[in-house]
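# could you look at this predicted model? Sequence included:
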Amino acid sequence: MKAKKILAVFLFVYGLVLPSVTDVAAAELDARFEKLAKDLYANAKAEGSLVLYTVWDVEHARVLLAAFSKRFPGISTAYWQGTRSELTTRVLTEFQGNQSSVDVILGEEFVLQAAGALSPYQTVQQDALILHDPVAPVVSVQIQALPYNTKKLKPNELPKSWEDVANPKFKGMVALDDPMRGGPLSAMLAGLKDEWKDDARWTKFVRGLKALNVTVHKSTSAMFRLLVAGEYALALPALLHDVVHEKEQVTPVDIVKAAFPIISPQQAKIYAKAAHPSAGKLFAEWLVTPEGQTAMDSVGRSSSRKNFKAKTSIANVWGSGAKTVAIANKAFFEDPRKWLDANVKPVWEN
């Protein structure tokens, strides 16, 4: 029940709403999409192009755009990839300069909405989604997990929770994301602060992480590679799709299942000054379809559709009924730097 309340707060804060308990039949959803796609496709072909900005891996962008082009030929595609801060800075600069440079922004980003740089778009497939946002289609759910190197730790040596990672016995053994950079660990700390509602407990956890006396990293992907290589026993945190991919490659990594999944929505957002708005909307809609979600799953991204069978689903990894925590801190999303300076910095740097 507690996890559901946290999720409800998240949905309320960002205007998200849970779809009806009774799903619309798949055939009706397909019909909605096909009817809309017919008009959008005609306009998109006339526009001729689609430009995507994303924080996701380059290969993920290539695979998704290739699958989209196969389904809707005649629309040239291009992409740019950067960190979340780089993407935000670039889009805001272009928006303020009245540039029609991008059509769709893919990933987790909330600052642009507050700045007016997005054009609200509501998917016609909302009844199929785990989370629905009237501002932008939720095309994937990002899941944070706690991975470990199976050659470094035995099952009976694993942390018993996220909190237990701060145990002094793991000193020097953890690849730690920089909590002050506004990345996954920063978001996790914002989520746990809301979840625990206990400042003393939260402060103890942050101080415990600092006391591990490890180098902090600016890239979760890079530090995950160090875990795979055996330079660390644990990584705090990792993205579920990265861990699943490595397990498929038979590398010595697995997930600490005692650490519950921490989730946040990934969205396809339409740029307010898009030069190719129909192509952008068509791409966003297509990503939500079973075909688009299959392409998403092929690169290891977790599905945003209800009951979609995927290798990176929470049910597949943790089991049905697993506790989840949705990152729901409005102040963090609106201004990560301000929130970190006010909450994390005094604890981390002192």
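Everything's here; your move.
# how about the secondary structure of the residue positioned nearest the centre of the chain?
Nearest to the mean C-alpha position of the chain, by C-alpha atoms, centre = their mean, lies residue 142 at 3.2 Å. At residue 142 the chain is in strand, as set by DSSP: H, G, I helix; E, B strand; the rest coil.
# which strand residues bridge it?
residue 264 (DSSP bridges).
# residue 259 reaches residue 148, doesn't it?
No. Counting by C-beta atoms under 8 Å, residue 259 sits too far from residue 148 to count as a contact (9.8 Å). For every residue, glycine as well, the C-beta is placed using N, CA and C.
# for residue 270, what are phi and psi?
Phi and psi for residue 270, reported as degrees, to the nearest 10, are phi -90, psi 130.
# list the contacts of it.
By C-beta atoms under 8 Å, 6 or more residues apart in numbering, the residues touching residue 270 are 103-104, 118-121, 136, 277, 280-281, 284.
# now for those residues, which pair is the farthest apart?
The largest separation in those, counting by C-beta to C-beta, is between 103 and 120 at 14.8 Å.
# straight-line length of stretch 72-90, end to end?
28 Å (C-alpha to C-alpha, to the nearest Å).
# distance check, the residue lying closest to residue 158 once chain neighbours are set aside against residue 343.
Closest residue in space to residue 158, ignoring its immediate chain neighbours: residue 256 at 5.2 Å, by C-beta to C-beta, 6 or more residues apart in numbering. Remark: distance between residue 256 and residue 343 (C-beta to C-beta, to the nearest Å) = 25 Å.
# one more: residue 101?
34 Å.
# before we move on, what about residue 56?
28 Å.
# in the helix or strand encompassing residue 331, what counts as buried?
Using DSSP states H and E, the element containing residue 331 is helix 330-334. Neighbour-count burial for helix 330-334, with 16 or more other C-beta atoms under 10 Å as criterion, is recorded at 330, 332-333.
# from the contact counts, what lies against that helix?
Counting contacts by 3 or more C-beta pairs under 8 Å, 6 or more residues apart in numbering; DSSP states H and E, helix 330-334 is packed against helix 111-114, helix 184-196, helix 336-343.
# can you do 10 Å?
When contacts are defined as 3 or more C-beta pairs under 10 Å, 6 or more residues apart in numbering; DSSP states H and E, helix 330-334 packs onto helix 2-13, helix 111-114, helix 184-196, helix 336-343.
# any idea how far residue 90 is from the closest residue to residue 210 other than its chain neighbours?
Distances taken as C-beta to C-beta, 6+ apart put residue 348 closest to residue 210, at 5.7 Å, once the chain neighbours are dropped. Per C-beta to C-beta, residue 348 is found 28 Å from residue 90.
# also residue 103?
Using C-beta to C-beta, residue 103 is found at 14 Å from residue 90.
# ends of stretch 40-56, how far apart?
Note: stretch 40-56 ends 25 Å apart using C-alpha to C-alpha.
# you'd agree residue 203 is up against residue 166?
No. Using C-beta atoms under 10 Å, residue 203 makes no contact with residue 166, being 11.1 Å away.
# pLDDT below threshold where in the protein?
Across the chain, the ranges flagged by pLDDT under 70 are 1-25, 109.
# got the domain ranges for it?
The record's domain parsing of the chain by automatic domain parsing lists 2-141+264-318, 143-262+327-348.
# longest single helix anywhere in the chain?
Using DSSP state H, we find that the single longest helix of the chain is helix 26-47.
# related to what we said a few turns ago, so which of residue 101 and residue 343 has more stuff around it?
residue 343 (21 against 17; other C-beta atoms under 10 Å).
# what's the nearest residue to that one if we skip its chain neighbours?
Closest to residue 343 by C-beta to C-beta, 6+ apart is residue 193, at 6.9 Å.
# from memory the one you found sits against residue 202, does it?
Yes. Between residue 193 and residue 202 there is a contact under C-beta under 10 Å: 5.0 Å.
# now the common contact residues for the two.
Residues touching both residue 193 and residue 202 (C-beta atoms under 10 Å, 6 or more residues apart in numbering) are 343-344.
# report the buried residues of stretch 150-165.
152-153, 158-159, 162-165.
# which of the residues you listed sit farthest apart?
Counting by C-beta to C-beta, the most remote pair of the buried residues of stretch 150-165 is 152 and 163, 20.1 Å apart.
# what residue of the chain is the furthest out?
residue 46 (32.1 Å).
# please name the nearest non-neighbouring residue to that residue.
residue 278 (7.8 Å).
# re the thing from before, now find how far off-centre the longest helix of the chain is within its chain.
Counting by C-alpha atoms, centre = their mean, to the nearest Å, helix 26-47 is centred 26 Å from the centre of its parent chain.
# next secondary structure after that helix?
Going down the chain from helix 26-47, the next helix or strand is strand 49-54, by DSSP H and E.
# ok, that following strand: who's next to it in the sheet?
Partners of strand 49-54 in its sheet, by DSSP bridges: strand 76-81 (parallel), strand 104-107 (parallel).
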